[in-house]
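Peer 1: 3D model of this:
(2 chains)
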Amino acid sequence: MKILFFGTPKFAEIILDGLLEKGFDVVGVVCQNDKPAGRGNKIQTPHIVEFAKERNIAVCQFEKLSLHIDDFKKIDYDIAVTASYGKFLPKALLDLHPCINVHPSMLPKYRGATPIQTALLNGDNITGVSIMETGVGMDDGDIFVQKEVEILPEDDYSTLIEKLALVGLELLAQTLEKIGNGTAKKVPQDEKNATTVKLIQKEDALLDFSKSAESQVNKVRAFCEDPVAFFFLGDDRIKVYKARVAEDFEGEDGQVIPNKKRFLIKTSNGVFEILKCQMQGGKVLDAKSFLNGYRFKTLVVGV
RNA sequence: CGCGAGGUAGAGCAGCUCGGAAGCUCGCCGGGCUCAUAACCCGGAGGUCACAGGUUCAAAUCCUGUCCUCGCAA
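Peer 2: Numbers count the residues shown, from 1 in each chain, chains lettered A, B, ... in the order given. Predicted coordinates:
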């Protein structure tokens, strides 16, 4: 069975890697265009392009898929697999061959682009992965199979995406085999219980210590790769990569609790402890190193 | 040429404006105190001040170029 793979970011790459590992015949990878990004606005190529080329897999990058239906007609494939491709697939393309999607949530819960972050933000203990038909709507296709995955307190976006991708890979492999031998079954989603996640804005990552410590730790966990939770201390913008809820300390809400060894901030409910953070222009540091060199000009957290 | 910050002991920083013997907080090694400690006290090792030129009697500090790291914006 010849597979055409659609996907761009890390989640997609892990799945692609696994498919190849399992010996599936991936005839090509379709991903988003190169874009100017980062310092100096240099053109950035998606990492998966490099990955695919190293393995001699053809790569297509199209700005608008709907303009390239004829190109897809020329590609010899039996089924398309999508994983975090990032854009809707036009009906004309879906009509060419069957298409299935890997989605990191227990659909119909958390349809949309940010299911993993949303689960972490909400402090969920359970999430999951679903394999379903790719439709023209947003993550609303019939489901072949899904499986729950536990979210541990120490999980963050980095660890969870890895877990979900690996589980997704297994489910995907099973589903592809069933489709291959004609035993695949699918059931429609329960529209009544459908929820949609919202896109992440940069301002969502601003920490708010008038909220509970736990909720802000969840923010750190959800955004640890991007856009990274942050707050202001005077003029300094500090990004927080890792944090936890600490035992209680005396202190004023929204202020840093003076402590030589630990970076603690009192919230309205609980103490927020920073374990890994970064100043503008600086490296990512563990709290101890940060405190060794940082000179506090204020203990009051800005907004 | 999008805007900006920075490269100083193993780590994190100060010193640079106004050139003139390398400092702070940790870590490490040794010793002391303590029932005890992430506590405290004493002592010690460890640095071509990113690299290359230039100015100067003298450069971490001023000038020029190179390399590297990072923040913002998109």
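Peer 1: tally of neighbours for whatever residue of the stretch 201-303 of chain A ends up closest to RNA strand B?
Peer 2: Proximity to RNA strand B, evaluated over the stretch 201-303 of chain A using CB to the nearest atom of the strand, is greatest for residue A:293 at 2.3 Å. No exception for glycine: its C-beta is placed from N, CA and C like everyone else's. Burial measure for residue A:293: 9 neighbouring residues, criterion other CB atoms under 10 Å.
Peer 1: so how far is residue A:207 from it?
Peer 2: Distance check for residue A:293 against residue A:207: by CB to CB, to the nearest Å, it reads 22 Å.
Peer 1: repeat for residue A:256
Peer 2: 12 Å.
Peer 1: so for the two, which sits in the more crowded spot?
Peer 2: Looking at residue A:256 and residue A:207 with other CB under 10 Å, you find the greater number of neighbours at residue A:207, namely 25 against 20.
Peer 1: mind checking the SS state of residue A:204?
Peer 2: The local conformation at residue A:204, judged by DSSP: H, G, I helix; E, B strand; the rest coil, is helix.
Peer 1: go on, residue A:273?
Peer 2: strand.
Peer 1: can you check residue A:3 too?
Peer 2: The local conformation at residue A:3, judged by three-state DSSP, is strand.
Peer 1: what's the neighbour count on the closest residue to it other than its chain neighbours?
Peer 2: The shortest distance from residue A:3 to any residue that is not its chain neighbour, by CB to CB, 6 or more residues apart in numbering, is 4.9 Å, and that residue is residue A:26. Applying other CB under 10 Å, we find 18 other residues in the vicinity of residue A:26.
Peer 1: what of residue A:122?
Peer 2: Every residue meeting other CB under 10 Å relative to residue A:122 is counted, giving 15.
Peer 1: the residue nearest to residue A:3 belongs to a helix, doesn't it?
Peer 2: No - residue state for residue A:26 (three-state DSSP) corresponds to strand; a helix is not indicated.
Peer 1: that one against residue A:20, yeah?
Peer 2: Yes - counting by CB atoms under 8 Å, residue A:26 touches residue A:20, with 6.1 Å between them.
Peer 1: mind listing what the helix or strand hosting residue A:130 pairs with, with the direction of each?
Peer 2: For residue A:130, the host element (DSSP states H and E) is strand A:126-133. Pairing partners of strand A:126-133, with direction, according to DSSP bridges: strand A:99-103 (antiparallel), strand A:143-150 (antiparallel).
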